[in-house]
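# Output the structure for:
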Amino acid sequence: MTTTLIILALAVLLAVYIISIYNRLIKLRTTVSEAWSGIDVQLKKRYDLIPNLLETVKGYATHERETLDSVTQARTAAQSAQGVAAQQAAENNLNRSLMGLFAVAERYPDLKSNTNFLQMQQDLASIEQDIERSRRYYNGSVRDQNILIDSFASNLVANNFGFQKSAFFELDNETERAVPKVNFK
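I've put the predicted structure just below:
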């Protein structure tokens, strides 16, 4: 009788453990989805601002067609990207194009002093900060989910119920990653 009771108690504990891990995995998967939604909202705000920014620059820099077209194409590609990896690549391309646009703007003093342009630059900077915060939240959620999926014994539950690790969302900026050259001459 006591052996049966012990086995039954162990089975109940195991079932409670499996249910608990399963529910944590569901919670983390939902958190990752919600975090991605936050990034998506911020990216949409940026996509909506870019056409106005381009129109303002066009008025001053009409012969910079290649740069303007590059930003437009990069924005379109970023809007239609599906999945974290494709979105990451498209956002990297869009960031490079926007950097080129602001480099063009530096050559036009009237444009740099235009209040609409300055306001849009500030709005874009604010959105970029919001994207960064959303990205950090998303990556933290992905980290927590991936740790649970990889950790023993929760990995047994995750594998049996088909939970997959999520990809981190990282935007590459080679200029920020490059080691600065120091020259003491």
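
# what mean pLDDT does the longest helix seen in the chain have?
Determined from DSSP state H, the single longest helix within the chain is helix 2-60. Helix 2-60 shows a mean pLDDT of 94.

# now the angle from the helix or strand just after that helix to helix 2-60?
Going down the chain from helix 2-60, the next helix or strand is helix 65-80, by DSSP states H and E. If you take axes from the mean of the first three to the mean of the last three CA atoms, to 10 degrees, helix 65-80 sits at 160 degrees to helix 2-60.

# buried sites along helix 65-80?
Thr67, Leu68, Ser70, Val71, Ala74, Arg75, Ala77, Ala78 (16 or more other CB atoms under 10 Å). Backbone N, C-alpha and C define where each C-beta goes, glycine included.

# Could you single out the nearest of these to Val12?
Closest to Val12 out of those is Ala78 (50.8 Å), distances taken as CB to CB.

# Can you classify the closest residue to the closest one other than its chain neighbours by secondary structure?
Leaving aside its chain neighbours, Ala78 sits nearest to Ala90 (4.0 Å; criterion: CB to CB, 6 or more residues apart in numbering). Classification of Ala90 by DSSP: H, G, I helix; E, B strand; the rest coil places it in helix.

# quick one: contacts for Ala90?
Ala74, Ala77, Ala78, Ser80, Ala81 (CB atoms under 8 Å, 6 or more residues apart in numbering).

# does the residue nearest to Leu25 when sequence neighbours are not counted count as helix, strand or coil?
Among residues not flanking Leu25 along the chain, Phe163 sits closest, at 5.1 Å (CB to CB, 6+ apart). Using three-state DSSP, the secondary structure recorded for Phe163 is coil.

# for Phe163, what are its contacts?
Leu25, Arg29, Ile149.

# again with Ser154
Contacts for Ser154 (CB under 8 Å, 6+ apart) come out as Ile21, Arg24, Leu25, Leu148.

# Same check on Leu43?
The contact partners of Leu43, taken as CB under 8 Å, 6+ apart, are Ala78, Gln87, Glu91, Ile131.

# Report the separation between Lys45 and Ser126.
9 Å (CB to CB, to the nearest Å).

# Tell me the buried residues in stretch 45-55?
For stretch 45-55, by 16+ other CB under 10 Å, it's Arg46, Leu49, Ile50, Leu53, Leu54.
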